[in-house]
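Enquirer: give me coordinates for this.
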Amino acid sequence: MTVTLPAISSSPTFFRQEQCCCVSRFSRTTGLPQKPFSAPVCFRASTKLVMIQCNNSSSSSSSNIFTEWGLFLPLFQEFGFEEGQTQVLFEKNPGLRFETLESLGSRLCFLQSAGLDGFALCRLIAKRPDILTAEEIRELYNLKGQIEPVKLERLLTVTEPQYFVGFAGKVELLLNHGIPRENLPHILNNVNLTKVFCHKSANEIEQTILYLKHFGGVDLIIRRPAILNLDFETQLVPRIMFLTELSGGDENATGAVLLKLPSVLAYTTEHLQSHAEFFRSFVGLTDPEIFKIVLVYPNVFSASKDRKLQPRVEFLMECRLNSIDIFRFLIKAPLFLGLSFRENLSKKLVFLLKIGYKYRTKELALALGAVTRTSCENMQKVINVFLTYGLDYSEILAMSKKHPQILQYNCESLQKKVEYLIEDMGREIGELLDFPAFLGYKLDARIKHRYEEKKKIIGEGMSLNKLLSVSTERFSKKKKKCPVPM
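Expert: Numbers count the residues shown, from 1 in each chain. Below you'll find the predicted structure:
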């Protein structure tokens, strides 16, 4: 008897109904309610009609009905497969012929709704056809939309289906230990999913989370999800223990370093030890001193010893700084170790020599440290502002020796303060030579406020130093003792 196969549908979008884009099922290990997939009406109707005809056919015809790959052609065409691709897929994977339309359709709908469509979907199925039949893939159903399509395609391509067992439960561990649900996509898309959630056991993941709670915990994982990639025994623990020992056993201080720069854990223990040993032997610093530098500037571990650390320290030694001086210098100007010499430090060095600093002097080193936090362009503009208001290089040099920070102040802010000093306060630019720290106070909150208050009491002739350097508490008391005369 010849069996006539029913037409699936003539509509080009019948497989793109909203139902097929909402596949949601979680593993029983998650404790969340399971939502069975609701196949589109076309799946159920087509499958039912085919089965009715099979039952009404002879037994030989019934046993062969699902061996015809053409039955599935309309389904696969709806998801972007060409006829030749579908034929090759079924010829190489005969087991697909024994799947129902509803089963294959639901799996294709899940993949499509997760962002794998068109060429990406065809490419994935061609490489891993077992994805269409493996029950373990259902572990990913409730993570739809949380894993980026490229990341999901790679995960499904390189991972055998059996390793997805327990995947959803391991992800749920993150939520159970305080990871906000809104941060879950960020974490999933920034870890090695195969390494963390397929090859690691739930106990290993939980052990890592509990250990990290001593050093920043949830915040640390959110800042650097790749920490979960590290092997607990051979990578994570030895690296954190090194930093903890360097800090003298201070877990809070170690946690502060990790939160500032979580990527420090990407360096091997040998790399961390090598940098610490450089400061011990070459500079003469103690472990507490080294850790204080690390605390203010964890990026010290990312600076090359040969290209940056050693040449910079040698420069400081040439400028007659001893171990204590170098330690204090690096605490105040740690960026000195990381900035580019060609694009940054060399240009600032030229500016400093131009205004009168002598090479290989302690004053030059301190001035260079002071300008590490500003750009070369801003530094040049600051010097030009002083020149515009009549100061010469020797006077700029004198001010910067008293108060090196003046060369790193924002140019626009500095110009407003100079204008207020001359135009509103009626002072001479030369007063800055005696008290250059004037340029470091906030214009509105401190300079203008105090000047207006004091002007009411003692007039305009007052010392800039006494006006601004006194504490807020003392200034308030003085203001109460000297009420404005009637």
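Enquirer: quick one: the most centrally placed residue in the chain from residue 284, how far?
Expert: Centroid check for the chain by CA atoms, centre = their mean gives residue 223 as the closest residue, at 5.7 Å. Remark: distance between residue 223 and residue 284 (CB to CB, to the nearest Å) = 34 Å. C-beta here means a position set from N, CA and C on the backbone, and glycine is covered the same way.
Enquirer: same thing with residue 312?
Expert: Using CB to CB, one gets 15 Å for the distance from residue 312 to residue 284.
Enquirer: residue ranges with poor pLDDT in the stretch 251-400 of the chain?
Expert: Within the stretch 251-400 of the chain, no stretch has pLDDT under 70.
Enquirer: what segments of it are helices?
Expert: Ranges of helices within the stretch 251-400 of the chain are 251-260, 269-278, 287-296, 310-318, 323-332, 346-354, 362-370, 376-388, 393-402, based on DSSP state H, counting those that start in this stretch.
Enquirer: again with the stretch 101-250 of the chain
Expert: 101-113, 119-127, 149-158, 167-176, 184-188, 193, 202-212, 217-223, 237-246.
Enquirer: do you know which of those lies nearest residue 453?
Expert: If you check each of those against residue 453 by CB to CB, helix 217-223 wins as the nearest, at 43.4 Å.
Enquirer: buried residues in the closest one, which are they?
Expert: 217, 218, 220, 221, 222 (16 or more other CB atoms under 10 Å).
Enquirer: residues in contact with it?
Expert: 174, 177-179, 183, 186-187, 209, 212, 216, 227-228, 255, 258-259, 262 (CB atoms under 8 Å, 6 or more residues apart in numbering).
Enquirer: just the buried ones from those?
Expert: Counted by 16+ other CB under 10 Å, the contacts of helix 217-223 give 174, 177, 179, 187, 209, 212, 216, 227-228, 255, 258-259, 262 as buried.
Enquirer: quick one on the thing from earlier: relative to residue 475, which of the helices of the stretch 101-250 of the chain is closest?
Expert: helix 217-223 (39.2 Å).
Enquirer: tell me the mean pLDDT over the closest one?
Expert: For helix 217-223, mean pLDDT rounds to 95.
Enquirer: dump the C-alpha coordinates for that helix into PDB.
Expert: Once non-C-alpha atoms are left out, helix 217-223 reads as follows in PDB (Å, rounded to 0.1, in the frame of the first residue of the first chain):
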ATOM      1  CA  GLY A 217      33.500  36.800  47.600                       C
ATOM      2  CA  VAL A 218      30.500  37.700  45.400                       C
ATOM      3  CA  ASP A 219      31.900  41.100  44.400                       C
ATOM      4  CA  LEU A 220      35.200  39.500  43.400                       C
ATOM      5  CA  ILE A 221      33.500  36.900  41.100                       C
ATOM      6  CA  ILE A 222      31.300  39.600  39.500                       C
ATOM      7  CA  ARG A 223      34.400  41.800  38.900                       C
END
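Enquirer: who has more neighbours, residue 312 and residue 284?
Expert: Using other CB atoms under 10 Å as the criterion, residue 312 and residue 284 rank with residue 312 on top: 19 against 13.
Enquirer: touching, the more buried one and residue 338? I think so.
Expert: No: with contact defined as CB atoms under 8 Å, residue 312 does not reach residue 338; the gap is 9.3 Å.
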